[in-house]
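Enquirer: predicted model and sequence below, questions to follow.
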Amino acid sequence: MFQTIAAYTILGLTVGISIGRPKIGRFHLHHSAGGVIGAALTVALGIVPPAAVLEALHLLALPVITIVSLMAITLIADEAGLFRIAARAIVEKAGGSGLRLFGLLFLSGTLTGTFFTNDAAVLIFTPLVFNLIEDVKGDSWTIDNKLPYYFGVLYVANLVGALVIANPINIVVASILGIGFVEYARWMILPALASMAVSFFGLLLFFRGSIPKTYERPKGRGAPLESRAFVQLCAAVLFVTLVGFFSEGVSGIPIWLVAMAGAAMLCVARGIFMRASLVPLVRGIGWDVIVFVIGIFIVAMGLREVGLAERIASMLSGFGGSFYQLVFATGFMAAASSAIIDNHPTADMMAWVVREMPLAELQRKLLACAALIGGDLGPKMSPIGSLAALMWLRLLRDRGVDIPYRMFLRINVPVTLAAVLVATAVLCAEIALFADLP
């Protein structure tokens, strides 16, 4: 009983520190501190034995290599100027239409989140979109005219990941369930497109009176690029890396090795073209995210040790005998849990639950996909649902934009629930048409 109470208390403490960032003296605890403290307490109280921690580190090693490599690729692409080029192209392509500008920003942000992970999309696109809107705003614009573009960034960071690399939780869960890159994409691209459509039109519905009709085209050509050859090489390496991801089943080269090779090539190119030290690049990688992912994984292992996985499995089994009902129940439970206690511990726990269910391998993988639909979308139903949402709020607050929580909930809860419903329905349709289930 003591360990059960302790495990749940540790979860609350971990999430509370990560969200609230309490101040000790002159220092604010970072969200990674919550993961470290939670993991340390979980081991110190004997909830998870040290041997299991070593097992967890071994299990997370390759997903972590993948995440770090993708972060390095993102930072180098940003340094090269790829995202500034994209921003200028979007402004020109939209042709002065505020609605087209909103649509193109949403689309480009979605592609960034798909190929560079959602946390990278938030870190890069939030300041990029803020500065872009400041450059193109008309004299009559108010904060209400800017909010649709800001919320567009939040949404592209919390869509169903069409590729496994789109979200760290996707990488971890796919690793636990043994879901390959192409296999994941096969089942999740259509639900991702569905979530994109529902989210886009949901935002249009809420902001239909706020999106300005026109914007001012910025004068000048913007900051010059360091090296056009470096930009072209970055684009080429990114393309080759993506091809490597999709050819995993044929080549046998795992995605962690492809990602690491892509990052290594760009690091070498960065040194040649920019003559820059690796130290700023290494510092720029989100090590806090890595530490949090590992820490919260150990906390989730503690919850598993005290029987939470069995309780969740029992709850899911109570939703009826149909596999389709189980898929819907899994998706919505993951979405609700992600909104309440953050999507990282939710994804870890759901992965353990699904892995231990007495189902065929394909059924377990499909349930994991349903859980990731909820885990990818559900976090934006509350400000504490994901690190991406917390970073979005902080980055805007640092720039003088304070998003009221009431507005956050009023917009995000209905749109997210609709997106979860439609994306899960699309997954069920794919199962009915293409899955050879027992």
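Expert: Sure thing, it's come through.
Enquirer: how about the helices in the stretch 201-350 of the chain?
Expert: Listed in chain order, the helices found in the stretch 201-350 of the chain under DSSP state H, counting those that start in this stretch are 228-246, 248-251, 255-274, 278-284, 287-305, 308-317, 323-341, 343-355.
Enquirer: spit out the contact partners of the residue nearest to Ala166 when sequence neighbours are not counted.
Expert: Residue nearest to Ala166 in three dimensions, not counting chain neighbours: Thr114, with 4.9 Å by CB to CB, 6 or more residues apart in numbering. All C-beta spots, glycine's among them, are computed from the backbone N, C-alpha and C. Going by CB atoms under 8 Å, 6 or more residues apart in numbering, Thr114 touches Gly161, Ala162, Leu163, Ile165, Ala166, Ala192.
Enquirer: redo those residues as CSV? Include neighbour count.
Expert: Shown next, in CSV, are the contacts of Thr114 (neighbours: other CB atoms under 10 Å):
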residue, neighbour count
Gly161, 30
Ala162, 24
Leu163, 22
Ile165, 28
Ala166, 29
Ala192, 23
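Enquirer: out of those residues, which sit inside helices?
Expert: Ala192 (DSSP state H).
Enquirer: what's the farthest-apart pair in the contacts of Thr114?
Expert: The span of the contacts of Thr114, defined through CB to CB, is set by Ile165 and Ala192 at 12.5 Å.
Enquirer: and for the residue nearest to Ala86 when sequence neighbours are not counted, the neighbour number?
Expert: Excluding its sequence neighbours, the residue lying closest to Ala86 (CB to CB, 6+ apart) is Ser108, at 5.7 Å. Neighbours of Ser108 under the rule other CB atoms under 10 Å: 22.
Enquirer: how close does Ser108 sit to Thr424?
Expert: From Ser108 across to Thr424, the span is 26 Å (CB to CB, to the nearest Å).
Enquirer: go on, Ala77?
Expert: Going from Ala77 to Thr424 by CB to CB gives 33 Å.
Enquirer: compare the two (neighbour count), which wins?
Expert: Taking neighbours as other CB under 10 Å, Ala77 and Thr424 compare with Thr424 leading, 27 against 23.
Enquirer: check contacts around the more buried one.
Expert: Pro191, Val327, Phe328, Gly331, Phe332, Ala370, Ile373, Gly374.
Enquirer: try it again with 7 Å
Expert: For Thr424, the contact set (CB atoms under 7 Å, 6 or more residues apart in numbering) comprises Val327, Phe328, Gly331, Ala370, Ile373.
Enquirer: list just the nearest of the residues you listed to Gly138.
Expert: Nearest to Gly138 among the contacts of Thr424 is Ile373, at 38.6 Å by CB to CB.
Enquirer: next SSE after the helix or strand where that closest one lies?
Expert: Here Ile373 is covered by helix 361-377, with elements defined by DSSP states H and E. Later in the chain than helix 361-377, the nearest helix or strand by DSSP H and E is helix 387-398.
Enquirer: elements contacting that next one?
Expert: Judged by 3 or more CB pairs under 7 Å, 6 or more residues apart in numbering; DSSP states H and E, the packing partners of helix 387-398 are helix 118-136, helix 143-156.
Enquirer: for Arg406, which of the helices of the stretch 201-350 of the chain is the nearest?
Expert: Nearest to Arg406, of the helices of the stretch 201-350 of the chain and by CB to CB, is helix 323-341 at 15.6 Å.
Enquirer: return the set of buried residues in stretch 412-427.
Expert: For stretch 412-427, burial by neighbour count (16 or more other CB atoms under 10 Å) applies to 412, 415-427.
Enquirer: mean confidence score for that stretch?
Expert: Here stretch 412-427 scores 96 as its mean pLDDT.
Enquirer: and if you look at stretch 248-265?
Expert: Stretch 248-265 comes out at a mean pLDDT of 87.
Enquirer: out of everything not next to it in sequence, what's closest to Gly262?
Expert: In space, and not counting its chain neighbours, Gly262 is closest to Thr241: 3.5 Å by CB to CB, 6+ apart.
Enquirer: quick one: that neighbour from Gly178, how far?
Expert: Plainly put, Thr241 is 22 Å away from Gly178 if you go by CB to CB.
Enquirer: show me where pLDDT drops low in the stretch 251-400 of the chain?
Expert: By pLDDT under 70, the weakly predicted segments of the stretch 251-400 of the chain are 320, 384.
Enquirer: so who does the residue nearest to Gly202 when sequence neighbours are not counted touch?
Expert: In this structure, Gly202 finds its nearest non-sequential neighbour in Val415, 3.5 Å apart by CB to CB, 6+ apart. Taking CB under 7 Å, 6+ apart, we find Val415 in contact with Ser199, Gly202, Leu203.
Enquirer: so the last one sits against Tyr155, correct?
Expert: When you say that, I think you mean Leu203. Yes. Assessed by CB atoms under 7 Å, Leu203 is found in contact with Tyr155 at 6.3 Å.
Enquirer: more crowded one of these two?
Expert: Counted by other CB under 10 Å, Leu203 and Tyr155 do not tie: Tyr155 has more neighbours, with 26 against 22.
Enquirer: what residues are up against the more buried one?
Expert: Ser199, Leu203.
Enquirer: try Val122
Expert: Val122 neighbours (CB under 7 Å, 6+ apart): Val153, Ala157, Ala388, Met391, Trp392.
Enquirer: one step back: and the helix or strand containing the residue nearest to Ala166 with helix 143-156, angle?
Expert: Here Thr114, judged by DSSP H and E, is contained in helix 98-116. Inter-element angle recorded for helix 98-116 and helix 143-156: 30 degrees (by axes from the mean of the first three to the mean of the last three CA atoms, to 10 degrees).
Enquirer: tilt between helix 98-116 and helix 387-398?
Expert: Angle of helix 98-116 versus helix 387-398, following the same axes, to 10 degrees, is 130 degrees.
Enquirer: buried stuff in helix 98-116?
Expert: Within helix 98-116, the residues that count as buried by 16+ other CB under 10 Å are 98, 101-106, 108-110, 112-116.
Enquirer: next one: stretch 350-361
Expert: Buried residues in stretch 350-361, defined by neighbour count with 16+ other CB under 10 Å: Met350, Ala351, Trp352, Val353, Val354, Arg355, Met357, Leu359.
Enquirer: could I have it exported to PDB, CA atoms only?
Expert: Extracted as PDB, the C-alpha positions of stretch 350-361 are listed here (Å, rounded to 0.1, in the frame of the first residue of the first chain):
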ATOM      1  CA  MET A 350      -0.200   2.900 -22.400                       C
ATOM      2  CA  ALA A 351       2.800   1.200 -24.200                       C
ATOM      3  CA  TRP A 352       3.200  -1.200 -21.200                       C
ATOM      4  CA  VAL A 353      -0.500  -1.800 -21.000                       C
ATOM      5  CA  VAL A 354      -0.800  -2.600 -24.700                       C
ATOM      6  CA  ARG A 355       2.400  -4.700 -24.700                       C
ATOM      7  CA  GLU A 356       1.000  -7.000 -22.000                       C
ATOM      8  CA  MET A 357      -2.500  -7.500 -23.500                       C
ATOM      9  CA  PRO A 358      -3.300 -11.000 -24.600                       C
ATOM     10  CA  LEU A 359      -3.700 -10.000 -28.200                       C
ATOM     11  CA  ALA A 360      -2.100 -10.800 -31.600                       C
ATOM     12  CA  GLU A 361       1.000  -8.800 -32.400                       C
END
